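> need a 3D model of the following:
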Amino acid sequence: MKQSKQQLERSPFRGLAVGIIAATGLLLLFLLYLLGRPLYWKFYAEVIHRYEADPVLALIRELEQESGQPLAAAGGNRKVEPGASPQQQLVTGKRVDLSKLTLEQLERLKEKAREKQWEDEWWKLYQKKEDERRVKMAASHRSKEKSTISMFNITLTRENVHRVAKDGYLFVTWANHHYTDFALTWVQHMRMQNITNFMVGAMDDRILASMARRSIPTFSMQSGLTTGDFGWGSPTFAKMGRKKINLVAMFLKLDVQVVISDVDVMWLRDPVPFFKRFTDADVLTSTDHLTPTVGAREELEKYPEAGSAFNIGIMLFRKKALPFVEEWIHIIESDDKIWDQNAFNDLARKGQQILPDDPNHFFKGDEGKLLMGVLPLAYFASGHVYFTQRMHTTLGIQPYAVHATFQFSGTPGKKNRFREAGLWAEQFEYFRPKNGFLAYESSLPKALLDAAGPRTGKMDINNTIGHFELVNYQLKELRTAMALATVLNRTLVLPAFWCGLDRYWAPHSGTLPGSDFKLPFPCPADHVLDLEGAFSRRWDENEFGPHLDYREHSFLNSTDLPHEIKESAINVILCAKGKGYCPEPDAPGTVEVNKIFLQENLLSEQIALTLSPVSHVQVLKFSTMQNAFGNFTQAEDYAKFFRRMNHMGSVWCCIDAHPGHIHYDLWWDIPHTDKFGRKWGTQWQPTAGP
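Residues are numbered from 1 along each chain as shown. Below you'll find the predicted structure:
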């Protein structure tokens, strides 16, 4: 019997029964809530807070509007006797005598008045509670964010900084809210290289919160500067530079070896093992030099052979350099017109001492007080070395870092360069535009490539002929693709451009002075297109047509591209009218396996109709842009598109003339008036200015 009782206690049915009883109780409570709520409000409306007379008057108006006739109108504009009740006041412009209403009408009015009043009371109570909830949630959010910020907003004490540093080394960058995406990409690269000894200086509260929410070690700089784009060369840019140099001094005083890098520097390897080979150096700096003096070897550049400007975007400072940094700060703060990089170069080279036999290629700077070295330019690469010369592929090496310098389209240009190289941290939305993508392969004739380099070897207009013939061919293809993307409302994947000449800010005969690489070459998009002032700008759609978004040429090869987009692709094959397999433009086309045919030179509405069966497909891949677009069906649409295309091209620079730059023109092949009002009645020719 005892055993039977124990078995009963352990029976699985006992737990099930308890669960059923609990569930039944919860269900009853829920039903009570559902039924009790309207009963409560009815009791509230009839007992606790009965209706007043004024709502009745409003409902009389409502009943009159429903029926289209006055309810027991009493004598038109007859005056109400003195002392009359509110029920006998003016309603909808008529005098109403409630004594004339039937009992049924009065009961209906009373019932509707009750309903309206308790609904109004309930709504006011709901609004009050909802407002209280929002205030409470906002306060809770602020409290949690404040707690998060306090956790990751590091006070710059020696103890805190050394807790982050590793082997005495600390990596530091800084940014404001406008550059949050740069800072997040910088952090991602650090973490990919297993570099944990880093901090991000937050120049405003918005980026401070962004960093803290992501558990990124940060510190408040309270810069008081703009939360927008600094703008290279602007007064705000100069002030930002001063903040940067003060950071260097601050960290040196906290006894760390500080590696300072701009936020547009991406780290591809951990450089600390390299730095540890040169422990005697007080300062190591990157350079704008364009040709290595040590080849592919991981050595410091030979100095003064690598004598171009030092670039302060990547620098290592050790404690002995503190007096130098303080003097640097004094110089730039005493004159706000002095650029911090120029001041560094002047101070470092002042009284320099060359050490020709030094095995590490050191030299003494700042009147011989400091031992300095120039970081190898192939490994700590500038934008020209990495993106234009592609020296890392030529030498077969893996750089430590790349800095987005030597580019021509502001912040959008820097992002696009990193994206082209697969170095940018993308957000989810970047891969999922509303209506998918349009891509194409450029069909460059070999003859144009062969003739694209310098024609004369001089800095004159004739030297540029082959380059512009090559680029113009590609711009015509791009114009066609942009028209198709506009008609189909798709995001355009840019092609990989080829250029016959390099681009610079000063006259040259083909390549930048001091550089050496083969022409023609695959050039970054900002060499040819105005990514900042045109492609990234929101134009007035009434004047310039619908917005057209774009992606970099390597987008479809990204390792981050979702599988469902890669798998959802259709090839669009151009065909000549009259071919048996070529569809007529008066009906939707037919999909065959993974392709659809499109007749050449159709109007925009015909193209949209033919390709309507593949509107759900993520990627349309055109086999060519030759004859892929006839024109817009509506003349107004063409006019808007024409105006927009007038602004898409950038400039090439420069021949030895004033002015020396030449504007690209996407309408080069037809008679037109360009954005400067110049009329081209015959085929376009390279012309300097305006």
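> for the residue lying closest to Gln427 once chain neighbours are set aside, give me the pLDDT.
Spatial nearest neighbour of Gln427, chain neighbours left out: Asp181 (7.8 Å); criterion: CB to CB, 6 or more residues apart in numbering. Where you see a C-beta, it was placed from the backbone N, CA and C, and this is true even at glycine. We have a pLDDT of 96 for Asp181.
> who are the contact partners of Asp181?
Going by CB atoms under 8 Å, 6 or more residues apart in numbering, Asp181 touches 415, 425, 427.
> what separation is there between the first one and Ala608?
Translated: Lys415. Noted for Lys415: a distance of 31 Å to Ala608, by CB to CB, to the nearest Å.
> which one's more surrounded, the two?
Taking other CB atoms under 10 Å, Lys415 and Ala608 do not tie; Lys415 has more neighbours (20 against 17).
> quick check: mean pLDDT of whichever strand or helix holds the more buried one?
Using DSSP states H and E, Lys415 falls within helix 410-420. Summarised as a single mean, pLDDT over helix 410-420 is 97.
> which residues does that helix contact?
The contact list for helix 410-420 (CB under 8 Å, 6+ apart) reads 178-179, 181-182, 185, 229, 231-232, 264, 266, 383, 387, 404, 407, 409, 424, 426, 524-526, 531-532, 535-536, 551-555.
> just the buried subset of those residues, please.
Listed as buried from the contacts of helix 410-420 are 178-179, 181-182, 185, 264, 266, 383, 387, 404, 407, 409, 424, 524-526, 531-532, 535-536, 551-553, 555; burial here means 16 or more other CB atoms under 10 Å.
> please, where are all the helices along the stretch 351-500 of the chain?
Using DSSP state H, counting those that start in this stretch, the helices of the stretch 351-500 of the chain run over 383, 391-395, 410-420, 446-450, 465-488.
> mind checking how far the residue nearest to Gln427 is from Thr24?
Applying CB to CB to Asp181 and Thr24 gives a distance of 54 Å.
> what do you get for Ala113?
Here the criterion is CB to CB. By it, Ala113 lies 40 Å from Thr24.
> and the longest helix along the chain, what's its mean pLDDT?
As assigned by DSSP state H, the longest helix anywhere in the chain is helix 103-152. For helix 103-152, mean pLDDT is 75.
> distance between it and the chain's centre?
Helix 103-152 sits 38 Å away from the centroid of its parent chain (CA atoms, centre = their mean, to the nearest Å).
> kindly format the C-alpha coordinates of the following helix or strand past it as CSV.
Downstream of helix 103-152, the next assigned helix or strand under DSSP H and E is helix 158-164. Extracted in CSV, the C-alpha atoms of helix 158-164 (Å, rounded to 0.1, in the frame of the first residue of the first chain):
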residue,chain,number,x,y,z
ARG,A,158,46.4,55.7,-16.5
GLU,A,159,44.7,52.7,-15.0
ASN,A,160,41.8,52.6,-17.4
VAL,A,161,44.0,53.1,-20.5
HIS,A,162,46.5,50.4,-19.5
ARG,A,163,43.6,48.1,-18.9
VAL,A,164,42.8,48.4,-22.7
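> and helix 158-164, what's buried?
Buried-residue list, helix 158-164, by 16+ other CB under 10 Å: 161, 164.
> on that earlier part again, from the contacts of Asp181, which is closest to Cys654?
Nearest to Cys654 among the contacts of Asp181, counting by CB to CB, is Lys415 at 25.5 Å.
> can you tell me what sits against stretch 452-468?
Stretch 452-468 is touched from outside by 448, 451, 469-470, 498-501, 507-510, 519-520, 652, 654-657, 662, 686-688, with contacts defined as CB under 8 Å, 6+ apart.
> mean confidence for that stretch?
97.
> start and end of it, how far apart?
For stretch 452-468, the separation between the terminal residues is 8 Å (CA to CA, to the nearest Å).
> got the buried residues for that stretch?
Under the neighbour-count rule (16+ other CB under 10 Å), stretch 452-468 has 452-455, 459, 461, 463-468 buried.
> how far is that stretch from where the chain is centred?
Computed by CA atoms, centre = their mean, the chain-centroid distance of stretch 452-468 equals 36 Å.
> then stretch 388-398?
Relative to its parent chain, stretch 388-398 has a centroid offset of 28 Å by CA atoms, centre = their mean.
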